[in-house]
Each structure stands twice: as structure tokens, then as C-alpha cells.
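[1] Generate a structure from the sequence data that follows.
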Amino acid sequence: MKLNFHKYQGTGNDFILVNNRKNEYPVLSREQIHRLCDRRFGIGADGLMLLQERTGYDFEMKYYNADGKEGSLCGNGSRCMIKFVYHLGIHKEIYKFLAADGVHEAEIDTDGIVSLKMKDVRTIKRFHNDYILDTGSPHYIKMVNHVMDMDIYKKGYEIRHSKEFEDEGINVNFVEQTDEPDKIIVRTFERGVEDETLSCGTGVTAAALVCYHNENGFNEVEVKTLGGDLSIEFDRIDDNRYENIWLCGPAEKVFEGSVEI
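    Here you go, the predicted model:
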């Protein structure tokens, strides 16, 4: 079977996107998805997404990690999907779509920046001296110094595969607070990819919530990743209430093609 695909990236977080609104493709197996995402034997990507029709929404997004397993919310992937449907001719001021963690809204501004509204966060747990929270996917936040000098694979692997997280897995973010209170640097080890990625949308969102600069009210945190810059806007109500959370950044088409599977 020939699979037509498009490759998109959002700050270096790259994805295989497949238009399946007409149900042209049968369910892809875990092995097929893993092979397609392999950077040596396949197309190469951090994940694969199917664009599906869904009554009552502009579309439904099915996301699969690079290991072939169906994943939780992917923030950068969602932003790439929005740009993809725009390129397919679906033009809206506000997009409403269904993802693994529920309903989301998104928009594209005049500069092409894609903003994704995330779910509200109600709980940030302390774990030793670190933080755990869910922004559509589970994240571990560790504040560090000199993050660019760290071995993220080694340190991230150790936490992700520790006894507390080995069953369900967790994404591990190493975060450096810069001299400016509204700017941070984030590097992420992602479960499912089982390696560092150039950027992680739900991860930088989690990091920004932990690194708020305004105790109560509106916050905008600028985030530097290996793949580029993102910004997170949110309202901090109190220690465990974060609302109106938006993940904002670029999303671009890389190429398209077809592959036999």
C-alpha cells in the first residue's frame, strides 16, 4: 500500500502527517509506525499523526509516538497539524479539534505563528526538589544550572526509567532560569522517542508554569529550546490553578511524499 504523507516541524520537533479524512488507510500497526519514524530506515520523525474527520469538530488528531504506541497530547504536533489543515484549505479564525486529552482550540496569526490553547492545570506536585504536572502529557521538571552543558540523554533516561515512572513513563525537562525572570531554557527527554528532542510543546508549557514571574495574574514566559523559540501565555490564579494557557510558536512544512508500507 502506498502512504501519502507530509512532513512538518515545530521548533525542530518533527512529525509525519497523514490526511485520513476519507478513511483511505487501514489502521497502521505499531511496527509500521515505528519503521516510518525511524531516521535510518524510514522517513524519520518524533511521531506520526493522522488527520481524521469528527462530527462537531474541525477535525480529530490521532497521535502516535515514534515507538509506534498511541500517545497523549503533543503540543508541537498539534500546532503542526493546524498549519497542515490550513494548507489543505481549511481556513478558520479559531480551530476546534479533538485530541487525546480532549477538546482544544487553536489559531494562526498574520505572521504564521500557531497558538494552541492547552487544558487548565489544577495540580503541580513537588517530588523531592523537583516538580510533576500534566499539561496533556505527564512532565517532570528539574531546575538546573548550565543546562546546555548537560548530558540530557543520560540524566533523562535515569529519571524516565526509575522505579517511580518506569511503567507509564514520564517526559523529563531540564530547565534553566536565565537572568531575566520571564525567559527560560528547556531541554527535554521524551518518552516514546526515548531520547532528547529538539523541542517539546507540552514540556515547555509545564516548565513555564513552574517558572512563573507574576504571582497572580497574566504571565508570558519566553522559552529557548534547541530547535527554536516558543512562548507560553497563561493566567496564574494560585499555586494549583493555571488557566487560559496558550502555547505559541512557528510550525512549518518540510516536504511531502509517498512511501510503500
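[2] Following the chain onward from the lengthiest helix in the chain, which element is next?
    Across the chain, the longest stretch assigned as helix under DSSP state H is helix 75-87. Per DSSP states H and E, the first helix or strand lying C-terminal to helix 75-87 is strand 95-99.
[3] Adjacent strands (with direction) for that following strand?
    Each strand pairing with strand 95-99, determined using DSSP bridges, is listed with its direction: strand 59-65 (parallel), strand 102-108 (antiparallel).
[4] got the contact list for it?
    54, 57-61, 63, 73, 78, 81-82, 85, 103-107, 136 (CB atoms under 8 Å, 6 or more residues apart in numbering). C-beta coordinates here come from the backbone N, C-alpha and C atoms, glycine included.
[5] Quickly note the distance from E176 to N145.
    6 Å (CB to CB, to the nearest Å).
[6] The stretch 51-200 of the chain: strands as residue ranges?
    In order along the chain, the stretch 51-200 of the chain carries the following strands (DSSP state E, counting those that start in this stretch): 59-65, 95-99, 102-108, 114-117, 124-127, 130-134, 138-143, 171-177, 183-190, 195-197.
[7] Quick one: closest of those strands to D235.
    Comparing the strands of the stretch 51-200 of the chain by their distance to D235 (CB to CB), the top pick is strand 114-117, with 12.1 Å.
[8] Show me which residues of the closest one are buried.
    Buried residues in strand 114-117, counting neighbours by 16 or more other CB atoms under 10 Å, are found at 114-117.
[9] would you turn those into TSV with pLDDT and distance to C211?
    TSV is the format used below for the buried residues of strand 114-117 (pLDDT from 0 to 100; distance: CB to CB, whole Å):
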residue	pLDDT	distance to C211
V114	98	22
S115	98	19
L116	98	19
K117	98	20
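[10] Dump the residues you listed to a markdown table, plus distance to M150.
    Rendered in a markdown table, the data for the buried residues of strand 114-117 read as follows (distance: CB to CB, whole Å):
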| residue | distance to M150 |
| --- | --- |
| V114 | 29 |
| S115 | 30 |
| L116 | 28 |
| K117 | 31 |
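[11] hmm, which two among these are most spread apart?
    Applying CB to CB across those, the maximum distance is between V114 and K117, 11.2 Å.
[12] so what sits against both of these two?
    A106.
[13] that older thread, columns distance to F218 on top of the strands of the stretch 51-200 of the chain, output as a markdown table?
    A markdown table is the format used below for the strands of the stretch 51-200 of the chain (distance: least, CB to CB, whole Å):
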| stretch | distance to F218 |
| --- | --- |
| strand 59-65 | 28 |
| strand 95-99 | 23 |
| strand 102-108 | 18 |
| strand 114-117 | 15 |
| strand 124-127 | 18 |
| strand 130-134 | 19 |
| strand 138-143 | 21 |
| strand 171-177 | 19 |
| strand 183-190 | 16 |
| strand 195-197 | 29 |
